[in-house]
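Asks: Predicted model and sequence follow; I will ask about them next.
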Amino acid sequence: MAAYGLYTQIRNNRVRSVFLIAGLFFLVYLLTFAGALIFRAYVMNDAPLDWILLFAWRDMLYAIPFATAGAVIWLLIAYRFHQAMIDRQTGAHGVTRREEPKLYNLLENLCISRGIPMPKLKITEDTALNAYATGLNQRQYTIAVTRGLVQHLNDQEIEAVLAHELTHIRNGDVRILVIAVVMAGIISFVGELTFRFMFRSRPSGGTTWRSSSSGNRKGGGGAFVAILIALALIALAWILSIVIRFSLSRSREYLADAGAVELTKNPDAMIMALRKIENRGELRTATSSVMEMCFDNPHSGFSDLFSTHPAIEKRIDALVRTAGGRDPGPLTLPEPGSFTPAIADETAEQAAPAPGPWERRVEPPETPGEGRPNPWRS
């Protein structure tokens with residue numbers, strides 16, 4: 001279960017991730033060709049299909065440098081501002097040792113034990129039970145936990161969750177996932193723009209096209225077929241981008257669980273954390289892309305088929321089989337947000353009986369030399 005020792009498996013995952021990111025660039029070029037097809041279909045609406053395809057291919061070759069530059073600029077913007085955008089969605093804010101001493105010390109001890117620079121620590125004021133790690137380099141790496149997680153998990157379980165997210169950073173999962181989510185955002189954005197253009201524009205019926213080799217319009221009318229091909233390519237690119245995003249995260253969760261056990265030497269704490277977080281991790285303001293970065297993503301579409309994370313049962317089963325942990329089964333917890341230490345203190349103060357009118361209030365004894373002067377002192 002020592003994830004840090006599984007260098008071969010980690011290296012294979014990283015190589016596979018690089019190819020997947022390259023595949024996302026290929027999808028950008030595929031969308032470029034689809035856009036060129038739609039453009040040529042609208043401009044050459046009387047042309048035969050083969051001529052539309054030929055001109056669209058030439059347009060795509062001319063547009064590839066611009067598409068690449070646009071994708072790189074998008075990545076640079078995400079590199080600079082992705083953390084601020086995620087924090088705005090989740091409401092995460094940084095905390096110091098003085099504000100959260102227990103949480104800060106747990107993360108610091110884990111980093112010291114492995115000689116890893118400590119990432120930034122943040123808390124999301126959400127009653128859900130979850131955590132996530134973000135960042136593209138050492139200066140940006142951040143681990144955020146929800147307030148509900150801090151309230152419902154004990155120290156050993158919180159340590160296991162922090163070790164899980166720290167392993168994601170150590171294994172390079174966070175960087176790859178952020179890039180994949182950004183690239184998938186490009187595909188979704190371009191696809192949406194294309195569909196908006198399709199449904200808000202109409203080909204001009206008066207535009208005619210004549211082949212330079214023949215002066216007639218025989219064999220024309222391929223615009224409709226070209227548009228269908230372009231729509232199919234856009235749908236294919238969108239589906240493949242989703243598949244790529246899902247394939248980036250599933251195996252990494254097992255490695256992160258293994259890394260947490262190796263760091264903490266406590267598989268039972270990891271299993272208990274998984275059981276407590278089970279079906280309680282949905283962040284109210286987070287998008288699906290942010291949920292893919294979380295410790296658990298409870299809402300995952302068509303069950304395991306389109307799941308960004310393995311099921312909690314499968315993760316626990318792997319820990320029981322390979323790390324010797326004990327599974328207590330599903331747990332029942334108080335509703336998130338129904339109990340907080342601050343509320344408990346207020347309740348205790350309200351429940352304490354006030355002194356009656358005939359009861360004498362016992363004041364603390366005065367310190368000699370303080371209060372009223374002693375009349376018997378000379």
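Replies: That came through fine.

Asks: Surely Asp257 touches Asp317?
Replies: No - at 11.0 Å, Asp257 does not count as touching Asp317 under the criterion of CB atoms under 8 Å. (C-beta placed from N, C-alpha, C; glycine too.)

Asks: between those two, which one's more packed in?
Replies: Asp257 (29 against 15; other CB atoms under 10 Å).

Asks: For that one, give me its contacts.
Replies: His164, Met270, Leu274, Arg315, Ala318, Leu319 (CB atoms under 8 Å, 6 or more residues apart in numbering).

Asks: Could you rerun that using 7 Å?
Replies: His164, Met270, Arg315, Ala318, Leu319 (CB atoms under 7 Å, 6 or more residues apart in numbering).

Asks: Over to Gln138?
Replies: Gln138 makes contacts with Pro117, as judged by CB under 7 Å, 6+ apart.

Asks: and if you look at Pro330?
Replies: By CB under 7 Å, 6+ apart, the neighbours of Pro330 are Arg275, Glu278.

Asks: hang on, Asp317 in a strand?
Replies: No - read with DSSP: H, G, I helix; E, B strand; the rest coil, Asp317 is helix and lies in no strand.

Asks: per-residue confidence for it?
Replies: Here the pLDDT value assigned to Asp317 is 92.

Asks: Tally up the residues packed near the closest residue to Glu278 other than its chain neighbours, please.
Replies: In space, Glu278 comes closest to Ile312 once its chain neighbours are excluded; the distance is 4.6 Å by CB to CB, 6 or more residues apart in numbering. Ile312 has 18 neighbouring residues, counting by other CB under 10 Å.

Asks: Give the burial count for Leu166, as a bare number.
Replies: By other CB under 10 Å, the residues close to Leu166 number 24.

Asks: got it, and Arg114?
Replies: 14.

Asks: Please tell me how far it sits from Ile229.
Replies: Separation of Arg114 from Ile229 (CB to CB, to the nearest Å): 52 Å.

Asks: Render the CA-only coordinates of the helix or strand Asp268 falls within in CSV, please.
Replies: In the assignment (DSSP states H and E), Asp268 maps to helix 267-277. Extracted in CSV, the C-alpha atoms of helix 267-277 (Å, rounded to 0.1, in the frame of the first residue of the first chain):
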residue,chain,number,x,y,z
PRO,A,267,-5.7,2.3,7.7
ASP,A,268,-8.6,2.2,10.1
ALA,A,269,-8.6,6.1,10.3
MET,A,270,-8.7,6.2,6.5
ILE,A,271,-11.7,3.8,6.4
MET,A,272,-13.6,5.7,9.1
ALA,A,273,-13.0,9.0,7.2
LEU,A,274,-14.4,7.4,4.1
ARG,A,275,-17.4,6.1,5.9
LYS,A,276,-18.2,9.4,7.5
ILE,A,277,-17.8,11.4,4.3
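
Asks: For Ala69, give its distance to Ala318.
Replies: Note on Ala69: its distance to Ala318, by CB to CB, is 43 Å.

Asks: ugh, wrong one, I meant Met85
Replies: 33 Å.

Asks: now swap in Thr96 and tell me
Replies: Distance from Thr96 to Ala318, by CB to CB: 36 Å.

Asks: And for Val182?
Replies: Going from Val182 to Ala318 by CB to CB gives 30 Å.

Asks: so where do the helices sit in the stretch 201-350 of the chain?
Replies: 223-264, 267-277, 288-291, 312-323, 341-351 (DSSP state H, counting those that start in this stretch).

Asks: Ok, which of those helices comes nearest Val28?
Replies: Nearest to Val28, of all those, is helix 223-264, at 8.3 Å by CB to CB.

Asks: average pLDDT across that closest one?
Replies: Here helix 223-264 scores 82 as its mean pLDDT.

Asks: now that helix, how far from the centre of its chain.
Replies: 13 Å (CA atoms, centre = their mean, to the nearest Å).

Asks: same question, stretch 25-34
Replies: 25 Å.

Asks: Other residues contacting that stretch?
Replies: Applying CB under 7 Å, 6+ apart, the set of residues contacting stretch 25-34 is 56, 60, 63-64, 67, 71, 186-187, 190-191, 194, 230, 233-234, 237, 240-241.

Asks: just the buried members of the residues you listed?
Replies: Listed as buried from the contacts of stretch 25-34 are 56, 60, 63, 67, 71, 186-187, 190-191, 194, 230, 233-234, 237, 240-241; burial here means 16 or more other CB atoms under 10 Å.

Asks: Tell me which residues touch the nearest residue to Gly94 once chain neighbours are set aside, please.
Replies: Once flanking residues are discounted, Gly94 sits nearest to Lys122: 5.2 Å by CB to CB, 6+ apart. With contacts defined as CB under 7 Å, 6+ apart, Lys122 is in contact with Ala92, His93, Gly94, Val95, Thr142, Ala144.

Asks: For Lys122, list each beta-bridge partner.
Replies: With DSSP bridges applied, the residues forming beta bridges to Lys122 are Gly94, Ala144.

Asks: tell me the pLDDT at it?
Replies: Looking at Lys122, its pLDDT is 94.

Asks: now Thr367
Replies: 44.

Asks: and after the helix or strand encompassing Ala36, which helix or strand comes next?
Replies: Under the criterion of DSSP H and E, Ala36 resides in helix 7-43. Sequence order places helix 49-90 as the next helix or strand after helix 7-43, per DSSP H and E.

Asks: Could you give the separation of that following helix from the chain centroid?
Replies: Taking mean C-alpha positions (CA atoms, centre = their mean), helix 49-90 and its chain are 21 Å apart.

Asks: Run through the stretch 101-250 of the chain and note the low-pLDDT ranges.
Replies: 191, 194-221, 245-250 (pLDDT under 70).
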